[in-house]
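1. below are the sequence and a predicted model for it; my questions follow.
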Amino acid sequence: MERPSLEINLPDAHEEGKLYIVDSLNNLNKLNICPEGSQHALGEEENIGDAGENMAGRNIRNQCLFFITFILTLIISLALVSFVIFLIIQTRNKMDQISSRLISEKKTIEELKKMNNMILKHLNQSGIKE
């Protein structure tokens, strides 16, 4: 897999002709080295002035888009966290209400048991039996 030498001795050619031949050989070498899919990249390198400005614009636009997406994600996350905190507080309040109802009903049941015991004692003392 030896590559042939691309050196060519042209003693009679003019200086401009030498430059043209060197450029042609460089272009041929680039085409042989680069895969076919990346040949369009060579054309982009030739238009470096317009492409550089275009790429810079794309990079800035991509950075702005990323920044806006990041900010929107943070805002949505903050809204979701706030909603979850609100639900936790509401659930705690409902649990407190249920707990207080259970305590009051427990007291009522204990009072009813005491009254039932008093009625049974009164009935047993008065001599009325079923």
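-> Okay, I see it. In this text, all values refer to a predicted model and were calculated from it rather than measured experimentally. Numbers count the residues shown, from 1 in each chain.

2. could you use CA atoms for every contact and neighbour count after this?
-> OK.

3. may I ask you to name the longest helix in this protein?
-> Ordering each helix of the chain by length in residues (DSSP state H) puts helix 48-126 first.

4. give me the low-pLDDT residue ranges for the chain?
-> 1-19, 31-53, 128-130 (pLDDT under 70).

5. please repeat the previous calculation with a cut-off of 80.
-> 1-57, 127-130 (pLDDT under 80).

6. so what secondary structure elements neighbour the longest helix of the chain?
-> Using 3 or more CA pairs under 8 Å, 6 or more residues apart in numbering; DSSP states H and E as the contact test, no helix or strand touches helix 48-126.

7. when you give positions from now on, start the count at 14
-> Sure thing, new numbering starts at 14, so read that last one as helix 61-139.

8. so for stretch 131-138, what gets flagged as buried?
-> Buried residues in stretch 131-138, counted by 16 or more other CA atoms under 10 Å: none are found.

9. output it as PDB, restricted to C-alpha atoms.
-> What follows is stretch 131-138 as a C-alpha-only set of coordinates in PDB (Å, rounded to 0.1, in the frame of the first residue of the first chain):
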ATOM      1  CA  MET A 131     -75.000   4.300  84.000                       C
ATOM      2  CA  ILE A 132     -78.400   3.300  82.500                       C
ATOM      3  CA  LEU A 133     -77.600  -0.400  83.000                       C
ATOM      4  CA  LYS A 134     -76.600   0.200  86.700                       C
ATOM      5  CA  HIS A 135     -79.800   2.300  87.200                       C
ATOM      6  CA  LEU A 136     -82.000  -0.500  85.600                       C
ATOM      7  CA  ASN A 137     -80.200  -3.100  87.700                       C
ATOM      8  CA  GLN A 138     -80.800  -1.100  90.900                       C
END
